[in-house]
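Sequence first, then the predicted structure, then my questions.
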Amino acid sequence: MSNRDPRNGPAPGASAEAAGEPGPQDGADSAATISELRQQVAEAQDQRLRALADVENVRRRCAAQVSRAEAEATARVAAQWLPVVDNLERALEFAAEDPGAIVEGIQAVRNQALGVLAALDFPRRDDTGSSFDPARHEAVAVRADPAVPAGAVIDTIRPAYGEGDRQLRPAQVVVAGAE
């Protein structure tokens, strides 16, 4: 129970402190409390600024790591293509001496390039004979062919590389249409 009667002020014999009125000690206590609260606010602001700086440092480190990883991946892929370029140059050197050898050389380099793509998980796909799938194919023409069911791929104009989510490009195909 309170020593104060809300209608008439403090109850008889109640102290001024109990009635909520400032006493001689309250001014010093309030100043100390305010000082302590200001110190806590300053510490919290300092912690916030430090946390923001830490987040910014992490963001910069992550960006630098991503950039390094991209550069390393690009360098690894380029290194896999260097032998292909070397063999193309060799084939061109021998082209003047033996023009027939150039065809064999180009076929060998093409096979090497296909091997590099397959090693990078982008193998060449031959979709001739499969059913047309708009996620895997780009129809460039429709041709009636009584020997093939409608909707089947009857010719590949440009092959696809890769599978599913790891597809570099869809195949450009000719699709069998109804007669």
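Now that the structure is in, tell me what you want to look at.

so the residue minimising distance to the centre of the chain, which of the three states?
By C-alpha atoms, centre = their mean, the chain has its centre lying nearest to V66, at 10.1 Å. The three-state label given to V66 by DSSP: H, G, I helix; E, B strand; the rest coil is helix.

separation between it and D145?
49 Å (C-beta to C-beta, to the nearest Å). Every residue, glycine included, has its C-beta placed from N, CA and C.

same thing with Q65?
54 Å.

Please identify which of the two sits among more neighbours.
When Q65 and D145 are compared for neighbours, D145 comes out ahead with 16 against 10, by other C-beta atoms under 10 Å.

and the gap between that one and R50?
72 Å.

next one: G105
64 Å.

got it, and V140?
Taken as C-beta to C-beta, the span from V140 to R50 is 60 Å.

and those two? which has more neighbours close in?
More crowded of V140 and R50, by other C-beta under 10 Å: V140, with 14 against 10.

Could you tell me the phi and psi values at that one?
phi -110, psi -10 (degrees, to the nearest 10).

what sits against it?
I157, Q172, V173, V174 (C-beta atoms under 8 Å, 6 or more residues apart in numbering).

now swap in S130 and tell me
A152, V153.

if you average pLDDT over the helix or strand containing N57, what comes out?
Using DSSP states H and E, N57 sits within helix 26-95. Mean per-residue pLDDT for helix 26-95: 91.

what's the following helix or strand after it?
helix 99-119.

Who are the packing partners of whichever helix or strand comes after that following helix?
Downstream of helix 99-119, the first helix or strand assigned by DSSP H and E is strand 124-125. Packing partners of strand 124-125 (3 or more C-beta pairs under 8 Å, 6 or more residues apart in numbering; DSSP states H and E): helix 99-119, strand 160-163.

Mind giving me the packing neighbours of whichever helix or strand comes after the shortest one?
Toward the C-terminal end, the helix or strand that comes next after strand 160-163 (DSSP H and E) is strand 166-169. Strand 166-169 makes packing contacts with strand 160-163 when contacts are defined by 3+ C-beta pairs under 8 Å, 6+ apart.
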